[in-house]
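A.B. asks: no sequence for this one, just the structure:
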């Protein structure tokens, strides 16, 4: 600052440093994300658009990583007997450890996993063991076997599981080969989301409620972990290794729910939020090219309103607890993290104008917009290479199911029942045969309930006309989205 009390160009750097270090310190101390959002208003005044976006992205990544670690802790508690029995002090001794050179032990474990008469293990975590003096950077797969007394299906309630740690790459390679040799009549369907989680949750719940033999796996935490590893990849893991891991673990999880697979012979995977789509969808599509792929989207403004409603309802903290201590809920990545916070930035060639446009939005709005754009970007990029990579997904628009839009964006032309029928036929593989009337009625009833629930979440966070203009400008200023589904 000069003698006249006017800030010079040299002072702007100190203001930026102060804002960056101050808010980063708040996050590092583990204080609430709400406080960080309040400080975001200060940062918007003093930081350049590029510095603001960089600061926000550090905060976003911290939130995702901490949320993922907390979910992993809750899963460990679940397989360790639940809140009443779990003792974190025993973690180092309760896990049987198998090394990469112990091939016989891995083969014995593999035989137990592939035995259809026994319960399949749940995936607890994918982690490094930083206390391992020999290989601190190696990733390990943590599996937990339910007690033999519970039968084949994964029990909902917590219990004392048999827990084992295996080398991630070596074991997944063996596991993938075993599943490739296994004959199966079960199809897989993968739902990628660009609606702040609304569409994926809607369709998985409808698929369950109509009881037509579709088993569902929603927002598995191990997928979020894998997306984080893919996004930073400090260990130079090859694409082929990632493909082997995703194939092995998807088939393992699908095999685990085999008792829930009925007449449709389908397992529906809902990828954990729009944040994970850029990292996971290319891998999944390549290794499961002949399976069913579904892309469910909403326009950007509605996705932001719903995402803000989720934050308001469940809180912005990464410490999200499941509503019940049940495996299906405990093992999910909280939607308020995976659906509203971007994991990795947009490809730079696609987002040159992004810093300037996102500066006009608060941190919550900007994070949802960027996560939505990242998911849509990957979908459009893969569609542009459709013939080369054989990516031909069924595309479902949430606005139609919510009765907000009709054919060709025409509001008021209610085709929601037809849209529901079409997407349900695709998920269940029933295009060649009519869905039973009772299945359609159950699906329509379920959709009606979900529509009412989602409208309630969204209604208290309606964007103003000015905010909608800012968000649409943020999206449409990116040339690759100028003609796309949000505008």
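C.D. replies: Thanks, I have it. None of these values were measured; they are calculated from a predicted model. Numbering: from 1, shown residues only.

A.B. asks: poorly predicted segments of the stretch 351-487 of the chain, please.
C.D. replies: Counting by pLDDT under 70, the stretch 351-487 of the chain shows low-confidence ranges at 351-352, 406-413, 476-487.

A.B. asks: element containing residue 191?
C.D. replies: strand 187-194 (DSSP states H and E).

A.B. asks: list the helices and strands that strand packs on?
C.D. replies: For strand 187-194, the packing partners by 3 or more CB pairs under 8 Å, 6 or more residues apart in numbering; DSSP states H and E come out as helix 198-209, strand 266-270, helix 277-287, strand 292-297, helix 363-384. Glycine gets a C-beta too; all of them are placed from N, C-alpha and C.

A.B. asks: for these, which one ends up most surrounded?
C.D. replies: Per residue and on average, the most neighbours among these fall to strand 266-270, with a mean of 26 (mean count of other CB atoms under 10 Å).

A.B. asks: what's the mean pLDDT across that one?
C.D. replies: Strand 266-270 carries an average pLDDT of 97.

A.B. asks: again with stretch 133-151
C.D. replies: 89.

A.B. asks: list the buried residues in that stretch.
C.D. replies: Across stretch 133-151, burial judged by 16 or more other CB atoms under 10 Å covers 138-146.

A.B. asks: quick one: low-confidence parts of the stretch 201-350 of the chain?
C.D. replies: For the stretch 201-350 of the chain, applying pLDDT under 70 flags the ranges 316-319, 347-350.

A.B. asks: who does the strand holding residue 191 pair up with?
C.D. replies: Strand 187-194 has its sheet partners listed here by DSSP bridges as strand 266-270 (parallel), strand 292-297 (parallel).

A.B. asks: specify the angle between the next helix or strand after the last one and helix 363-384 in degrees.
C.D. replies: In other words, strand 292-297. Proceeding N to C from strand 292-297, the next assigned helix or strand is helix 300-314, under DSSP H and E. Counting by axes from the mean of the first three to the mean of the last three CA atoms, to 10 degrees, helix 300-314 lies at 130 degrees to helix 363-384.

A.B. asks: elements contacting helix 300-314?
C.D. replies: With 3+ CB pairs under 8 Å, 6+ apart as the test, helix 300-314 has helix 335-338, helix 363-384, helix 437-459, helix 465-476 packed against it.

A.B. asks: contacts for it next, please.
C.D. replies: With contact meaning CB atoms under 8 Å, 6 or more residues apart in numbering, helix 300-314 is reached by 194-198, 274, 298, 320, 334-336, 339-340, 364-365, 368-369, 372-373, 398-399, 404, 454, 457-463, 468, 471-472, 475, 486.

A.B. asks: please redo it, this time with the cut-off set to 7 Å
C.D. replies: With contact meaning CB atoms under 7 Å, 6 or more residues apart in numbering, helix 300-314 is reached by 195-196, 198, 320, 335-336, 339-340, 364-365, 368-369, 372, 399, 454, 457-458, 460-463, 468, 471-472, 475, 486.

A.B. asks: filter the residues you listed down to the buried ones and hand me the ChimeraX line.
C.D. replies: Here is the ChimeraX command that picks out the buried ones among the contacts of helix 300-314, judged by 16+ other CB under 10 Å:
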select :195,196,198,320,335,336,339,340,364,365,368,369,372,399,454,457,458,461,463,468,471,472,475,486
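
A.B. asks: verify the contact between residue 140 and residue 131 for me.
C.D. replies: No - the criterion here is CB atoms under 7 Å, and residue 140 misses it with residue 131 at 11.8 Å.

A.B. asks: quick one, helices of the stretch 1-150 of the chain?
C.D. replies: Using DSSP state H, counting those that start in this stretch, the helices found in the stretch 1-150 of the chain span residues 9-28, 33-46, 49-79, 91-94, 103-113.

A.B. asks: lowest-confidence stretch among those?
C.D. replies: In terms of average pLDDT, helix 9-28 trails the rest of those, at a mean of 44.

A.B. asks: give me the most central residue, the chain.
C.D. replies: In the chain, the residue lying closest to the centroid (CA atoms, centre = their mean) is residue 272, at 1.7 Å.

A.B. asks: so that residue, which of the three states?
C.D. replies: With DSSP: H, G, I helix; E, B strand; the rest coil as the basis, residue 272 sits in coil.

A.B. asks: going forward, count from 23.
C.D. replies: That works, and once the first residue is 23, the last one we named lands at residue 294.

A.B. asks: phi, psi of it?
C.D. replies: The phi/psi pair for residue 294 (degrees, to the nearest 10) reads phi -70, psi 80.

A.B. asks: is it correct that it is in contact with residue 246?
C.D. replies: Yes - if you go by CB under 7 Å, residue 294 and residue 246 touch, sitting 4.7 Å apart.

A.B. asks: shared neighbours of the two, anything?
C.D. replies: Counting by CB under 7 Å, 6+ apart, the residues touching both residue 294 and residue 246 are 355, 360.

A.B. asks: so who does the closest residue to residue 446 other than its chain neighbours touch?
C.D. replies: Take residue 446 and drop its neighbours on the chain: the residue closest to it by CB to CB, 6 or more residues apart in numbering is residue 465, 5.6 Å away. With contact set as CB under 7 Å, 6+ apart, residue 465 has these partners: 228, 232, 442, 446.

A.B. asks: same list, those residues, but as CSV with distance to residue 382 please.
C.D. replies: As requested, those are exported to CSV (distance: CB to CB, whole Å):
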residue, distance to residue 382
228, 37
232, 43
442, 37
446, 40
